[in-house]
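Enquirer: Quick one, what's the 3D model for this:
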Amino acid sequence: MRARTGMPALASAAMLLLAACAGSSQGGAPAGPGSERAGAAAGVPDPTAPVPVVAGQRRWTGSQSAAFTDMFVTARDRRGWELLWQLAGEAPPGPLPENAIGVGVFLGMRPTAGSGVEVVDVLYWPQEVLVVYEEIPPPADAPAAQALTAPYAIAVAPASEAPVHFRSVDAAR
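Expert: Below is the predicted model:
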């Protein structure tokens, strides 16, 4: 995590509170593949179980979070889910389902408009969960707007007690 000066007190407090429910780190690739529906070992969701949704959605993105530093957050309970959405600067769209975890990728401050991020996939192994995300740069032909953004992406995925790691698509190439 890179710290930046000028982080609001809310984001600092939320980071400390989320530490208890955040299995957040950037990690290397695990030993074998899985997917949001794949697997049948301990720590890997049942492949026949439905993928959880909240208010009809599984993924959300935005350009103005309250997190002014790069953060990767895992929510495994109601309080963690609420704190994750506080970092997004929005109210939760609904409660976190019992059979789900919430994951959040917060990219911190970016100096131009048009920056974004999205969760590409959530992969499962018995020993860990890997959240794959992609940073989306502003379009090359877009006018240069000098506006600060703080992009975020949040997703719900089947629950697992395994540690959660986050990896950029760019880092995997």
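Enquirer: From the centroid of this protein, which residue is nearest?
Expert: Centrality entry for the chain: nearest residue to the mean C-alpha point is residue 104, 2.0 Å, by CA atoms, centre = their mean.
Enquirer: OK, contacts around it?
Expert: By CB atoms under 8 Å, 6 or more residues apart in numbering, the contact set of residue 104 is 71, 72, 73, 74, 75, 84, 87, 88, 152, 153, 154, 155. The C-beta positions use only the backbone N, C-alpha and C, and glycine is treated the same way.
Enquirer: And the helices in the chain, which stretches?
Expert: 9-18, 78-88, 169-172 (DSSP state H).
Enquirer: and the longest one, which residues are buried?
Expert: Under the neighbour-count criterion of 16 or more other CB atoms under 10 Å, helix 78-88 has 80, 81, 82, 83, 84, 85, 86, 87, 88 buried.
Enquirer: Show me what that helix is packed against.
Expert: helix 9-18, strand 70-75, strand 100-107, strand 152-158 (3 or more CB pairs under 8 Å, 6 or more residues apart in numbering; DSSP states H and E).
Enquirer: Lowest average confidence across the ones you listed, which one?
Expert: Mean pLDDT is lowest for helix 9-18 among the helices and strands packed on helix 78-88, at a mean of 40.
Enquirer: one step back: of the contacts of residue 104, closest to residue 169?
Expert: residue 153 (12.1 Å; CB to CB).
Enquirer: what about this structure, any weak spots by pLDDT?
Expert: 1-43, 142-145, 171-173 (pLDDT under 70).
Enquirer: quick one: contacts for the closest residue to residue 57 other than its chain neighbours?
Expert: On the basis of CB to CB, 6 or more residues apart in numbering, the spatially nearest residue to residue 57 that is not a chain neighbour turns out to be residue 93, at 6.7 Å. Counting by CB under 8 Å, 6+ apart, residue 93 makes contact with 54, 55, 57, 60.
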